[in-house]
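Peer 1: can't give you the sequence, but here's the structure:
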């Protein structure tokens, strides 16, 4: 008889919704239904039962086709590649658990790899800004229970984090926000009228690439100084009015996304937004939060942070020190400059997100991809090693976008004989040890 | 002053980290000893002798040592980094971190340099007879202290984020710069002979930026307070004085707010 598993953590975005109900078959092998998830989250579970799923490692042949190989063969090939390469890009990590990351980092230390995660093409610039000026932030629970002024700047959760607005930021009724949506003033700042902007009380349309200037104008307005007639297409009267509204809020929160992190100036757009938040705390309680996208990318930053002091793009090639320099040790730059000799991708699909030149460079190097599914990256890899889906077929720790760690749970059994990320990385680590004891590959 | 000449004999397959290519590391050494100094390609440890033909002999101290580098250095990082004295001339374009953390001496690059050059420079004289990349004279990631001393001059153009977190010294760009010149600056002097794209002096607390050309869009946090005639880098001219960044917190001295300045040539 099918059974329901409750309080399941969604393995899709950084919101990590924790109220999913999954119906599984009585043999615990198949997912039959998903409740409470958004359309994208539900698909993550539905993939588990898709026909044609790859269940054993595959090696690319000379004619471009793939041949099934054993896990042991794939592990040996991967370990030899890692030991031989003078500089290996070890990218991904966002869809796996913190426990698996930790084992991966141990391998990277031994083989002199460069560990990078999806932040490199996402919120990496936010992390640089936080390194530069710190961050006054809070948890999503505080926002649900306290925030009466919510600003979405350059982000569109209606599409990217579909349940964010209903669980935390716009609609829910909280302890001090009993009126829900009616008790909150919602602002959307964007260069386009997005679906999130449609839910806002006020839409501020900023000229593309003028976010930094507009944030600077808000800071200037908060201090009561004069402004030009318009800044980034926004009239100064509107800027003064909104700055005053921010100052008189009980609890304000700025959510920001790619509209700030991936437009001109990148990290500076964030550091000035953080400094505006800091300014607002002279008048009221204000916080700021990155809309982290890829599930456990926050966890990757956390684990790298406490292990090496940097949240992404950590160069361990010198072994005695960890280095981090956006523009040098970041994946796209390493690939574009052909500064690595091999690529090891896990739990992310750079082929779908990196610039084409970077992936052309990647395709010319020995490449291993560890992923439950066939994706753009597996198709340019020498080896594709399928693994159990974290958060579906195996558990582990993941961090929500507000840096809250949540223990995810196993819902169904993985296909018979399939390894988890942790098991696979442990075996690769062991094989690396054996090869290094023998003096190399 | 003794002269050591390095001539590139082999190109690195990856990028070579030449952090020992400076007068301080060479001081007191003969060519054979210099050839044994480490150079790094990823985790592989090589020597300078694997990539350069080395002739001459260094002086007893860094101040007595002059280094001339010939050949294609576009894949060489850290040339002249951390030098405290002596002289170094590179007759090629260079990669990242050239002249970074320099504390003294004279470094001349007869070509372009990549990003992160002159990073956190604290003293000496660094001249680039070409163009420079991003983060020239800026701070290392996570540090809030950029260039703090010395003179850094670029004869060509420079990229974005020039002199971020600058706290002292003088940085001169004779060509144009991209966005974010002097962001988070807390001291020092920037002289820009050409034009700036945008975002000059954002979040600037203290320091002076002289602009001879144009700024495409002035930051809203600046306001003009008057005009001054000044001689800047050998040129006498009238400048409009803008104070700012008005959105930033500024220190006070004797009860008076100490503003940052952008001086725009009239």
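Peer 2: Sure thing, it's come through. The structure displayed is predicted, hence computed values, not measured ones.
Peer 1: only C-alpha atoms for contact and neighbour calcs from this point on.
Peer 2: Noted.
Peer 1: leaving out chain neighbours, which residue sits closest to residue 46?
Peer 2: You didn't say which chain, so I picked chain A. Spatially, and ignoring its direct neighbours in sequence, residue A:46 is nearest to residue A:31 (7.0 Å; Cα to Cα, 6 or more residues apart in numbering or on different chains).
Peer 1: you looked at the wrong chain, it should be chain B
Peer 2: Closest to residue B:46 by Cα to Cα, 6+ apart is residue B:39, at 5.1 Å.
Peer 1: thought that neighbour was touching residue B:20?
Peer 2: Yes: counting by Cα atoms under 8 Å, residue B:39 touches residue B:20, with 7.1 Å between them.
Peer 1: what about the closest residue to chain B within the stretch 251-400 of chain A, how many neighbours?
Peer 2: With Cα to the nearest Cα, the shortest gap between the stretch 251-400 of chain A and chain B falls at residue A:317, namely 4.9 Å. As a burial measure, residue A:317 scores 26 neighbours (other Cα atoms under 10 Å in any protein chain shown).
Peer 1: my guess is it meets residue A:115, correct?
Peer 2: No: in this structure, residue A:317 is not within contact of residue A:115 by Cα under 8 Å, at 9.8 Å.
Peer 1: in chain A, which helix has the most residues?
Peer 2: Determined from DSSP state H, the single longest helix within chain A is helix A:421-437.
Peer 1: so how far is it from its chain's centroid?
Peer 2: Centroid displacement of helix A:421-437 relative to its chain, using Cα atoms, centre = their mean, to the nearest Å, is 26 Å.
Peer 1: ditto for stretch A:90-100
Peer 2: 10 Å.
Peer 1: quick check: mean pLDDT of the longest helix of chain A?
Peer 2: Taken as a whole, helix A:421-437 has an average pLDDT of 98.
Peer 1: do the same with stretch A:103-120
Peer 2: 97.
Peer 1: quick one: low-confidence parts of the chain?
Peer 2: Went with chain A since none was named. A:441 (pLDDT under 70).
Peer 1: chain B contacts on that one?
Peer 2: Taking Cα under 8 Å from any Cα of the partner chain as the criterion, chain A approaches chain B at residues A:86-87, A:111-112, A:128, A:131-132, A:213, A:216-223, A:225, A:227-228, A:231, A:265, A:272, A:317-319, A:324-326, A:338-340.
Peer 1: any buried residues in the longest helix of chain A, and which?
Peer 2: Buried residues in helix A:421-437, defined by neighbour count with 16 or more other Cα atoms under 10 Å in any protein chain shown: A:421-422, A:424-429, A:431-433, A:435-436.
Peer 1: among the residues of chain A next to chain B, which ones are buried?
Peer 2: Neighbour counting by 16+ other Cα under 10 Å classes A:86-87, A:111-112, A:128, A:131-132, A:213, A:216-222, A:225, A:227, A:231, A:265, A:272, A:317-319, A:324-326, A:338-340 among those as buried.
Peer 1: now, these that are in helices?
Peer 2: Those of those lying in helices (DSSP H): A:111, A:128, A:131-132, A:213, A:216-222, A:272.
Peer 1: which residues touch the closest residue to chain B within the stretch 151-300 of chain A?
Peer 2: Residue of the stretch 151-300 of chain A nearest chain B, by Cα to the nearest Cα: residue A:220 (4.0 Å). Going by Cα atoms under 8 Å, 6 or more residues apart in numbering or on different chains, residue A:220 touches A:226-227, B:220-221, B:246-248.
Peer 1: partner strands of the helix or strand hosting residue B:187 and their direction?
Peer 2: Residue B:187 is part of strand B:186-192, with elements assigned from DSSP states H and E. When pairing is defined by DSSP bridges, strand B:186-192 lines up against strand B:170-173 (parallel), strand B:206-211 (parallel).
Peer 1: of those strands, which is nearest residue A:147?
Peer 2: strand B:206-211 (35.4 Å; Cα to Cα).
Peer 1: how far off centre is that closest one?
Peer 2: 17 Å.
Peer 1: tell me the mean pLDDT for the helix or strand just after that strand?
Peer 2: Sequence-wise, the next helix or strand downstream of strand B:206-211 (DSSP H and E) is strand B:215-217. Averaging pLDDT along strand B:215-217 gives 95.
Peer 1: which strands and helices lie in contact with the helix or strand following strand B:215-217?
Peer 2: The first helix or strand that comes after strand B:215-217 along the chain, using DSSP H and E, is strand B:223-232. With contacts defined as 3 or more Cα pairs under 8 Å, 6 or more residues apart in numbering or on different chains; DSSP states H and E, strand B:223-232 has these neighbours: strand B:235-244.
Peer 1: helices of the stretch 251-400 of chain A, residue ranges please.
Peer 2: A:258-261, A:267-280, A:297-308, A:331-336, A:350-353, A:356-363 (DSSP state H, counting those that start in this stretch).
Peer 1: try the stretch 101-250 of chain A
Peer 2: Using DSSP H, counting those that start in this stretch, helices in the stretch 101-250 of chain A cover A:124-133, A:140-146, A:157-160, A:164, A:195-198, A:211-222, A:236-247.
Peer 1: which residues sit against the first one?
Peer 2: It stands for helix A:124-133. For helix A:124-133, using Cα under 8 Å, 6+ apart, the contacting residues are A:119, A:261-262, A:266-268, A:270-271, A:274-275, A:290, A:311-312, B:141-144.
Peer 1: mind giving me the ChimeraX command for buried ones among these?
Peer 2: To isolate the buried members of the contacts of helix A:124-133 in ChimeraX, using 16+ other Cα under 10 Å:
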select /A:119,261,262,266,267,268,270,271,274,275,290,311,312 /B:141,142,144
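Peer 1: residue B:160 contacts residue B:183, correct?
Peer 2: No: between residue B:160 and residue B:183 there is no contact under Cα under 8 Å: 10.1 Å.
Peer 1: okay, domains of chain A per the record?
Peer 2: A:3-48, A:55-122+A:295-437, A:124-290 (automatic domain parsing).
Peer 1: tell me the centre residue of chain B?
Peer 2: Residue closest to the average C-alpha location in chain B (Cα atoms, centre = their mean): residue B:118, at 2.8 Å.
Peer 1: name the nearest residue to it, ignoring sequence neighbours.
Peer 2: Residue B:118's closest residue in space is residue B:100 (Cα to Cα, 6+ apart), at 4.1 Å.
Peer 1: same deal with residue A:28?
Peer 2: Nearest non-adjacent residue to residue A:28 (Cα to Cα, 6+ apart): residue A:412, at 5.3 Å.
Peer 1: now do the contacts for residue B:93.
Peer 2: Contact analysis of residue B:93 by Cα under 8 Å, 6+ apart lists B:72-74, B:109-113.
Peer 1: one more time with 6 Å
Peer 2: Going by Cα atoms under 6 Å, 6 or more residues apart in numbering or on different chains, residue B:93 touches B:73-74, B:111-113.
Peer 1: show me what from chain B comes close to chain A.
Peer 2: B:14, B:42-43, B:142, B:220-221, B:246-247 (Cα under 6 Å from any Cα of the partner chain).
Peer 1: what would those look like in TSV with distance to residue A:251 and secondary structure?
Peer 2: Listed next are the residues of chain B next to chain A as TSV, based on distance: Cα to Cα, whole Å; DSSP: H, G, I helix; E, B strand; the rest coil:
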residue	distance to residue A:251	secondary structure
B:14	51	coil
B:42	48	coil
B:43	50	coil
B:142	29	coil
B:220	27	coil
B:221	26	coil
B:246	25	coil
B:247	22	coil
